[in-house]
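> predicted model and sequence below, questions to follow.
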Amino acid sequence: MAISHLERGSFVSLFNRCGHVLDLTVNDFDNLTLRTVGVPLCERYGLSKGKSLTAFLNECSDADALKLLDELMEYYEFRYEDEYTKPQDGLDNCSGLRRYSDEYARLYLKARAVLEREKARDNPFGKSSEYLVEQFSSEYMTAQITSLMELRTTSPTDAIGKAKELVESCCKTILKETGIEVPSSWGMNELIKETKRRLGIDTESVSSNLPEAQTVKKILGSLTGLVGGIAEYRNSWGSGHGKAADFEPLFVRHAKLAVGSSVTLVE
């Protein structure tokens with residue numbers, strides 16, 4: 001199922017503000033669209049930001065529509081939260097930059113539902129996650145993997161935290177099945193190093209006589225660095241550690257980076 005013409009119209013109604021697209025300047029809007037779909041829309045169409053957005057959505061592919069609308073939605077959610085979040089106890093949000101609007105809140109919920117539907121279908125890790133569920137044959141691991149796939153687009157902080165947990169659970173499962181008792185003092189580096197050794201995929205297991213040895217060793221060695229990066233990512237930006245009151249979470253694209261790295265590594 002693609003984003004229909006009527007559904008694209010809902011996004012335009014949410015983002016188009018009398019010819020403007022939210023509070024983006026022409027330069028910012030063109031930079032955003034160039035980065036997202038490879039085209040500076042105002043420059044291409046010679047129209048206002050709102051009309052340029054409409055013109056592009058009328059002729060672009062489903063994939064480009066999803067990419068651009070998802071990027072604009074991320075910007076909207078970051079800058080316009082007061083507009084679609086109803087104030088508690090019926091009090092107006094006088095401290096915010098925007099005022100709550102029933103109309104925009106309704107459009108937001110409708111547009112968000114469309115994005116979630118399309119992104120659920122467009123999960124590049126769908127096959128990998130199915131494979132992992134089959135390999136581990138564990139109710140706990142199945143729940144972890146399923147949750148990770150859902151959170152990658154809905155809760156970046158939780159997804160980044162669970163990305164590290166998935167790698168940790170994978171290593172502990174493999175080590176247990178190969179008869180290794182994991183010391184409680186082991187961190188991620190010790191876990192991945194011993195797991196690679198037990199599976200025969202550490203750099204020492206590659207014969208230097210092979211013509212591709214150096215390349216293979218380089219790739220295998222980078223796996224340890226990948227684990228370290230995922231762990232650091234989680235410590236700073238993921239769930240699992242308390243955060244200060246002024247903590248600002250990362251965006252969906254950062255969660256996708258962590259999830260993609262962990263799924264690739266585990267598989």
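Great, that's in hand. Keep in mind it's a predicted model, so treat the numbers as computed, not measured.

> who touches stretch 23-42?
17, 21, 43, 48-49, 52-53, 55-56, 60, 64, 67-68, 71-72, 75, 79 (CB atoms under 8 Å, 6 or more residues apart in numbering). In this view, the C-beta of every residue, glycine as well, is placed from N, C-alpha and C.

> who touches the closest residue to residue 224 other than its chain neighbours in this structure?
Spatial nearest neighbour of residue 224, chain neighbours left out: residue 192 (5.7 Å); criterion: CB to CB, 6 or more residues apart in numbering. Applying CB under 8 Å, 6+ apart, we find residue 192 in contact with 167, 171, 223-224, 227.

> same thing with residue 65?
Contacts for residue 65 (CB under 8 Å, 6+ apart) come out as 2-3, 8, 57.

> give me the pLDDT for it.
pLDDT for residue 65: 93.

> on that earlier part again, need the contacts of residue 192 in CSV with secondary structure and pLDDT, can you?
Shown next, in CSV, are the contacts of residue 192 (DSSP: H, G, I helix; E, B strand; the rest coil; pLDDT from 0 to 100):
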residue, secondary structure, pLDDT
167, helix, 90
171, helix, 93
223, helix, 80
224, helix, 78
227, helix, 81
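
> and the residue in the chain sticking out farthest from the centre, which of the three is it?
Residue distances from the centre of the chain (CA atoms, centre = their mean) peak at residue 209, which lies 40.8 Å from the mean C-alpha position. Secondary structure, DSSP: H, G, I helix; E, B strand; the rest coil: residue 209 is coil.

> helices - which of the contacts of stretch 23-42 land there?
43, 49, 52-53, 55-56, 64, 67-68, 71-72, 75, 79 (DSSP state H).

> out of the residues you listed, which are buried?
The neighbour count (16 or more other CB atoms under 10 Å) marks 49, 52-53, 56, 64, 67-68, 71-72, 75 as buried among the ones in helices among the contacts of stretch 23-42.

> including distance to residue 125, could the residues you listed go into CSV?
Putting these into CSV (distance: CB to CB, whole Å) gives the following:
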residue, distance to residue 125
49, 34
52, 33
53, 30
56, 28
64, 21
67, 17
68, 22
71, 20
72, 24
75, 25
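
> ok, those vs residue 255, which is closest?
Using CB to CB, residue 71 comes nearest to residue 255 of these, at 14.6 Å.

> kindly provide the distance from the closest one to residue 211.
44 Å (CB to CB, to the nearest Å).

> residue 49 against residue 18, yeah?
No: if you go by CB atoms under 8 Å, residue 49 and residue 18 don't touch, sitting 10.3 Å apart.

> need the nearest residue in space to residue 47, chain neighbours excluded.
Nearest to residue 47 is residue 55, by CB to CB, 6+ apart, at 6.5 Å.

> now the one you found: how far from residue 49?
11 Å.

> give me the buried positions along the lowest-mean-pLDDT helix or strand in the chain.
Counting by mean pLDDT, DSSP states H and E, the chain has its least confident helix or strand at helix 126-136, which shows a mean of 78. Under the neighbour-count criterion of 16+ other CB under 10 Å, helix 126-136 has 128-129, 132-133, 136 buried.

> I'm done for today, thanks for sticking with me.
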